[in-house]
Every structure is written in structure tokens, then in C-alpha cells.
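Asks: I'd like to go over a predicted model; first the sequence, then the structure.
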Amino acid sequence: QVQLVESGGGLVQPGGSLRLSCAASAFVYAIGWFRQAPGKEREGVSCINTNDNSTDYTDSVKGRFTISRDNAKNTVYLQMNNLKPEDTAVYYCATADLCSLYGPLYDYWGQGTQVTVSS
């Protein structure tokens, strides 16, 4: 079983930046970031494959968010720039065999970290 620990959430003003981290207890093939706002369904935000560093992003974050990984540390980062109030949500990372924005493909999930974008 893989354990995931997210960190880096917080309160930020619109237009600000945050960097989320997801540390895995073991090697994983792909990690995805998901988010869930109150009253809304969970949404796939971004993902990355270990073997070739290929990535995917949901349209609403393209050009603002960047996913990256440090394989030596089994850690994935989500750099979030130009944050908007609609980015407010609990952000989760999860593991899968292949990068996808489809949540049911993921096996293990972290506990989540709150991101609040507000003035």
C-alpha cells in the first residue's frame, strides 16, 4: 500500500501562487491531482507519468498550473499561479498506473490539503 502526504495548501489572494507537494511512500507510475469544492463533484486537475514525464491538465488550469516531479524523492509538485476564487477546493493527490484525469482509475489517495483563494 502506498501512502501519500499532501502539503502546501493555504489562503492566498486572487492572482497569487501556491505550490502543493505530494510525497509518496514508494515508487508510483503516475500521480494525479484532483480537487473538490463544496457542493461540487471531484475534478481531475493534472497528472504526470514517471517514465516520460508526460502530463495532462484540465482546461481551466492550462497556462496557470504546472505539474512536475522529483523521482529521487518520490514527490510530485503542483505549482499554481494566477489563482482564482474558483480554484478554491480541497486538493488531493492519488496514484495510478497511467496519467489520467479520471478519478476511478486511481488506487491510493492522500488526505487532502485546503486551498482557499479569497481577498
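Replies: Okay, I see it. Residues are numbered from 1 along each chain as shown.
Asks: how near is the residue nearest to Thr50 when sequence neighbours are not counted to Val76?
Replies: Counting by Cβ to Cβ, 6 or more residues apart in numbering, Tyr29 is the residue found nearest to Thr50 once chain neighbours are left out, at 5.4 Å. Where you see a C-beta, it was placed from the backbone N, CA and C, and this is true even at glycine. Between Tyr29 and Val76 the computed distance is 12 Å (Cβ to Cβ, to the nearest Å).
Asks: Those two - which one has more neighbours?
Replies: Higher neighbour count among Tyr29 and Val76: Val76, with 28 against 12, using other Cβ atoms under 10 Å.
Asks: Next, the buried residues of stretch 58-76.
Replies: Thr58, Val61, Phe65, Ile67, Arg69, Asn74, Thr75, Val76 (16 or more other Cβ atoms under 10 Å).
Asks: Let's have those residues in CSV, adding pLDDT, distance to Trp109 and secondary structure.
Replies: As requested, the buried residues of stretch 58-76 are arranged in CSV below (pLDDT from 0 to 100; distance: Cβ to Cβ, whole Å; DSSP: H, G, I helix; E, B strand; the rest coil):
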residue, pLDDT, distance to Trp109, secondary structure
Thr58, 98, 18, coil
Val61, 98, 19, helix
Phe65, 98, 19, strand
Ile67, 98, 17, strand
Arg69, 93, 17, strand
Asn74, 91, 16, coil
Thr75, 95, 16, strand
Val76, 96, 13, strand
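Asks: thought the residue nearest to Thr50 was touching Leu98?
Replies: Yes: with contact defined as Cβ atoms under 8 Å, Tyr29 reaches Leu98; the gap is 6.7 Å.
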